[in-house]
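Student: give me a model of this one.
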Amino acid sequence: VPALFRGGVNDVLLAGYALAVAGWRGASGPVLLDLEGHGREPGDSGFDLSQTVGWFTSLHPVRIDIDSVETGATPLSALVKRVK
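Tutor: Numbering: from 1, shown residues only. Next up is the predicted model:
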C-alpha cells in the first residue's frame, strides 16, 4: 500500500470505511468521523517519552467527501488520494 499510494495503511482503511458508510447510509454527502490519536507516534516530537505513563489522546474531526470522487475504473484509488 505505501508504494502504490505513497501513503499509509490508515489511508486505505479510512477510504474503505467511508465507502462502506456511504453505501450503508444510501445517501450522498460527506462521511464525518473523529479520528483518535494516542500521541506516541514515532517522530512526533524530539522528546523522550519512554519514562512517561499514560496516553496523550487527541481527537481530530475528519470529513471525507465521497460525492466528488470520480466514478471510473479506479474510484477507490481516487478516494484514497483524497483521504491522504
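Student: and the next helix or strand past the longest helix along the chain?
Tutor: The residue-count maximum for a helix in the chain (DSSP state H) belongs to helix 9-25. Following helix 9-25 in sequence order, the next helix or strand is strand 31-37 (DSSP states H and E).
Student: C-alpha coordinates for the helix or strand that comes right after that following strand, CSV please?
Tutor: On the C-terminal side of strand 31-37, the closest following helix or strand by DSSP H and E is strand 58-64. Provided in CSV are the C-alpha atoms of strand 58-64 (Å, rounded to 0.1, in the frame of the first residue of the first chain):
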residue,chain,number,x,y,z
SER,A,58,-6.3,13.7,20.8
LEU,A,59,-9.3,13.8,18.6
HIS,A,60,-9.3,15.2,15.1
PRO,A,61,-12.5,15.7,13.1
VAL,A,62,-12.4,14.3,9.6
ARG,A,63,-14.7,14.9,6.7
ILE,A,64,-14.4,12.7,3.7
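Student: quick check: mean pLDDT across strand 58-64?
Tutor: Across strand 58-64, pLDDT averages out at 89.
Student: which elements pack onto the longest helix of the chain?
Tutor: helix 2-5, strand 31-37, strand 58-64, helix 75-83 (3 or more C-beta pairs under 8 Å, 6 or more residues apart in numbering; DSSP states H and E). For the C-beta atoms, the positions are set from N, CA and C on the backbone; glycine is no exception.
Student: hey, which of these is tucked in deepest?
Tutor: Mean neighbours per residue, mean count of other C-beta atoms under 10 Å, is largest over these for helix 75-83, with a mean of 18.
Student: can you pull the contacts of the closest residue to residue 11 other than its chain neighbours?
Tutor: Sequence neighbours aside, residue 84 is the residue nearest to residue 11 in space, at 4.6 Å (criterion: C-beta to C-beta, 6 or more residues apart in numbering). Residues near residue 84 by C-beta atoms under 8 Å, 6 or more residues apart in numbering: 5, 6, 7, 11.
Student: next one, pLDDT for residue 84 please.
Tutor: In the prediction, the pLDDT value recorded for residue 84 is 83.
Student: can you count the residues close to residue 19?
Tutor: The number of residues packed near residue 19 is 17, by other C-beta atoms under 10 Å.
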